[in-house]
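Visitor: Build me a model from this:
(chains A and B)
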Amino acid sequence: GQQLNQSPQSMFIQEGEDVSMNCTSSSIFNTWLWYKQDPGEGPVLLIALYKAGELTSNGRLTAQFGITRKDSFLNISASIPSDVGIYFCAGRRGAGNNRKLIWGLGTSLAVNP
Amino acid sequence: DAGVIQSPRHEVTEMGQEVTLRCKPISGHDYLFWYRQTMMRGLELLIYFNNNVPIDDSGMPEDRFSAKMPNASFSTLKIQPSEPRDSAVYFCATGRGSTNEKLFFGSGTQLSVL
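Guide: Residues are numbered from 1 along each chain as shown, chains lettered A, B, ... in the order given. Model prediction:
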């Protein structure tokens, strides 16, 4: 099935550094979401975006819905060890019956204390 | 709220055996999704229900897979017969109404088929 292009695939950073990751698609999306998965657990929703150009924050996390509606970005400021995990983007194109989410393959984040 | 509850957490079985995975959704959530996660393919949607009715099962790999939701409090995913390539983490996730893109995932079932 279709997947979103998520990059980078993995990151290894020092505690305190800022992190950026992004997600792109060849198709337009109406909704972008960012989830985080801790080891041994299911993904947890971080941020949901619904309008082109929208910029939304959740603590140290900031995500943006790209103007073209074909991409989204997630930034983490001043990383801490508990930011470790896999970050997934997900998008939805339509409404009504076309409500399935399309997922990226994830960005694995490691933080060195 | 207890969240989405999945059982078992881990399942090890032999090829050819029947496997049943269980999910208890969050009360009041009218959408239920079954996902499979592997390193190679990421998160794959297998099937989803709305108000206990299967809406889209196009992601179910083949006839060996079946899913049911007999009531609003319970769903099962069954694999019969199981094969080694079915080894993966299976997640149940639920959502509510018009914001059902905001999924609440269970902790998953790690399935190993030997």
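
Visitor: Any idea which residue of chain A lies closest to chain B?
Guide: In chain A, no residue comes nearer to chain B than A:Gly42, which is 2.7 Å away by C-beta to the nearest C-beta. Placement of C-beta: from N, CA and C, glycine included.

Visitor: Report how many residues lie close to that residue.
Guide: 23 (other C-beta atoms under 10 Å in any protein chain shown).

Visitor: How about the helix or strand of chain A with the lowest mean pLDDT and chain B, any contact?
Guide: When the helices and strands of chain A are scored by mean pLDDT, DSSP states H and E, strand A:102-103 comes last with a mean of 93. Yes - using C-beta under 8 Å from any C-beta of the partner chain, strand A:102-103 reaches chain B at A:Trp103.

Visitor: which residues touch the residue of chain A closest to chain B?
Guide: B:Val4, B:Phe91, B:Ala93, B:Phe105, B:Gly106, B:Ser107, B:Gly108 (C-beta atoms under 8 Å, 6 or more residues apart in numbering or on different chains).

Visitor: Check A:Pro8 too.
Guide: A:Met21, A:Thr107.

Visitor: Low-confidence regions, the chain specifically.
Guide: If you meant another chain, say so; for now it's chain A. Chain A contains residues with pLDDT under 70 at A:1-2, A:95-99.

Visitor: could you do chain B instead?
Guide: In chain B (pLDDT under 70), the answer is B:1.

Visitor: Can you name the residues of it that neighbour chain A?
Guide: B:4, B:42-45, B:48, B:55-56, B:59, B:91, B:93, B:100-108.

Visitor: Residue 80 - how many residues pack around it?
Guide: Chain wasn't specified; assuming chain A. For A:Ile80, the neighbour count with other C-beta under 10 Å is 12.

Visitor: that's the other chain; I wanted chain B
Guide: 13.

Visitor: now do A:Phe29
Guide: 26.

Visitor: residues touching the closest residue to chain A within chain B, list them.
Guide: Chain A sits closest to B:Phe105 of chain B, with a gap of 2.7 Å, by C-beta to the nearest C-beta. By C-beta under 8 Å, 6+ apart, B:Phe105 lies in contact with A:Glu41, A:Gly42, A:Pro43, A:Val44, B:Val4, B:Tyr35, B:Phe91, B:Cys92, B:Ala93.

Visitor: Only whichever of those residues are buried, select them in PyMOL.
Guide: In PyMOL, the members of these classed as buried (16 or more other C-beta atoms under 10 Å in any protein chain shown) are selected with the following command:
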select buried, (chain A and resi 42+43) or (chain B and resi 4+35+91+92+93)
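
Visitor: Name the nearest of the contacts of B:Phe105 relative to A:Asp83.
Guide: A:Val44 (12.8 Å; C-beta to C-beta).

Visitor: So in terms of bridging, what pairs with the closest one?
Guide: A:Lys36 (DSSP bridges).

Visitor: how about the residues of chain A near chain B?
Guide: So far as C-beta under 8 Å from any C-beta goes, chain A lies against chain B at A:1, A:3, A:31, A:33, A:35, A:40-45, A:48, A:88, A:90, A:92, A:97, A:99-101, A:103-106.
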